[in-house]
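[1] sequence and predicted structure are below.
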Amino acid sequence: MATLTVGANPWIWHSPVDTAALETTVPRLARWGFDAVELPLENAGDWRPEPTAALLRDHGVAPAAVVGVMPPGRDLVRTTPATVAATRDYLRRCVDAAHGIGAPVVAGPLYAAVGRVWRLSPAERAAAYEELRAGLAPVVEHARAAGVVLAIEPLNRYETSLLNTVAQTLTALDGLPPDGIGVALDTYHQNIEERSLPAAVHAAAGRVAHVQVCANDRGTPGADHLDWPGFLRALTTGGYQGPLCVESFTAHNETIAVAASVWRPLADGQDAIAVEGLAFLRRTIAAL
């Protein structure tokens, strides 16, 4: 059976995730026993690959993924050619950063600005997916050349109208090379949009490139109503080999709290989201 490892995202405590944030967070993750860390790259230059790779090696923490961030103005569909070009350039920088630290994946909603929504008829949706494939194709080739896989994350209906479900994401990626692009799963969004977490995972079997986990309210994994055994069992039977990265956000940082709609503390403390989430995931994995 495939082995699942556990990582965490520094967004639990910090935004932006810059060099100083990583120098604080990575040693703590190592002490707590995390296997890996996600590295958001809100803007090129927030952290540099060479010293970041050395920091991770020094503490025995693997680079799980570079996480792409899509604020207003980063779009590949229904936008201007200049915006598409700039967005591609940013995504290539994410790929280069992943290659530089040895991360296998660039993950995120790499298609449109988070929070951008519009109505789509079936014909308009098909055209948007065709436009998305064209927008991603050069980035996928850049990623393949670097030995990196893009992982496209469907978001809930309040954050995008383009890709909400695994089925939609698989349709949108149809025709792009599977060795260069796959699906990123996030339990927060799946809980809203999928009728069954395990069924959605099974549908994506063989195309799951990255997994983010948190409670249904974006808090501590396990402090919720989600079918964690079913979800994790579906991942392992589908051949996914980790990591599971705990992604949550702090209500104490105004920028990230507003961006993620975190209006209240999600646990007794931010450390609890990581530490208790890690313990829960380890117990649940062991019991599969």
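    Okay, I see it.

[2] does residue 37 belong to a helix, a strand or coil?
    Following DSSP: H, G, I helix; E, B strand; the rest coil, the label given to residue 37 is strand.

[3] actually residue 72, sorry about that
    Under three-state DSSP, residue 72 comes out as coil.

[4] for it, give me its contacts.
    By CB atoms under 8 Å, 6 or more residues apart in numbering, residue 72 lies in contact with 113, 115, 116. Yep, even glycine has a C-beta here, placed from its N, CA and C like the rest.

[5] for residue 192, see how far away the nearest residue to the second one once chain neighbours are set aside is.
    In other words, residue 115. Leaving aside its chain neighbours, residue 115 sits nearest to residue 159 (5.9 Å; criterion: CB to CB, 6 or more residues apart in numbering). Distance, residue 159 to residue 192, by CB to CB, to the nearest Å: 10 Å.

[6] which of these two has more neighbours?
    residue 159 (21 against 14; other CB atoms under 10 Å).

[7] go ahead and confirm that one touches residue 114.
    Yes - Residue 159 sits in contact with residue 114 when judged by CB atoms under 8 Å, with a separation of 5.2 Å.

[8] find residues that contact each of these two.
    Joint contacts of residue 159 and residue 114 (CB under 8 Å, 6+ apart) do not exist.

[9] thinking again about what came up before, next step: the contacts of residue 72 restricted to strands.
    Among those, no residue falls in strands (DSSP state E).

[10] ok, of the residues you listed, which one's closest to residue 81?
    Of all the contacts of residue 72, residue 113 has the smallest distance to residue 81: 16.5 Å, by CB to CB.

[11] what's in contact with stretch 29-36?
    Applying CB under 8 Å, 6+ apart, the contact partners of stretch 29-36 are 5-8, 37, 59-64, 242-243, 245, 274-275, 278.

[12] so what touches the helix or strand harbouring residue 256?
    Using DSSP states H and E, residue 256 sits within helix 254-260. Outside helix 254-260, the residues that touch it by CB under 8 Å, 6+ apart are 11, 15, 16, 114, 218, 249, 250, 251, 262, 263.

[13] mind running it again at 7 Å?
    11, 15, 249, 250, 251 (CB atoms under 7 Å, 6 or more residues apart in numbering).

[14] by neighbours, which of these wins?
    Neighbour-wise, these (other CB under 10 Å) top out at residue 11, 26 neighbours.

[15] pretty sure that residue contacts residue 246?
    No - if you go by CB atoms under 7 Å, residue 11 and residue 246 don't touch, sitting 9.9 Å apart.

[16] pLDDT on the longest helix anywhere in the chain, on average?
    Ranked by residue count, the top helix of the chain under DSSP state H comes out as helix 122-146. Helix 122-146 carries an average pLDDT of 98.

[17] what's it packed up against?
    Using 3 or more CB pairs under 7 Å, 6 or more residues apart in numbering; DSSP states H and E, the elements in contact with helix 122-146 are helix 81-101, strand 149-152, helix 166-173.

[18] repeat that for 10 Å
    Under the contact criterion of 3 or more CB pairs under 10 Å, 6 or more residues apart in numbering; DSSP states H and E, helix 122-146 touches helix 81-101, strand 105-108, strand 149-152, helix 166-173, strand 181-186.

[19] mind listing what the last one pairs with, with the direction of each?
    This points to strand 181-186. strand 149-152 (parallel), strand 208-213 (parallel) (DSSP bridges).

[20] just tell me which of the ones you listed ends up closest to residue 230.
    The nearest among those, by CB to CB, is strand 208-213 at 13.4 Å.

[21] and whichever helix or strand comes after that closest one with strand 208-213, angle?
    Using DSSP H and E, the helix or strand that follows strand 208-213 towards the C-terminus is helix 228-237. Helix 228-237 runs at 160 degrees relative to strand 208-213, counting by axes from the mean of the first three to the mean of the last three CA atoms, to 10 degrees.
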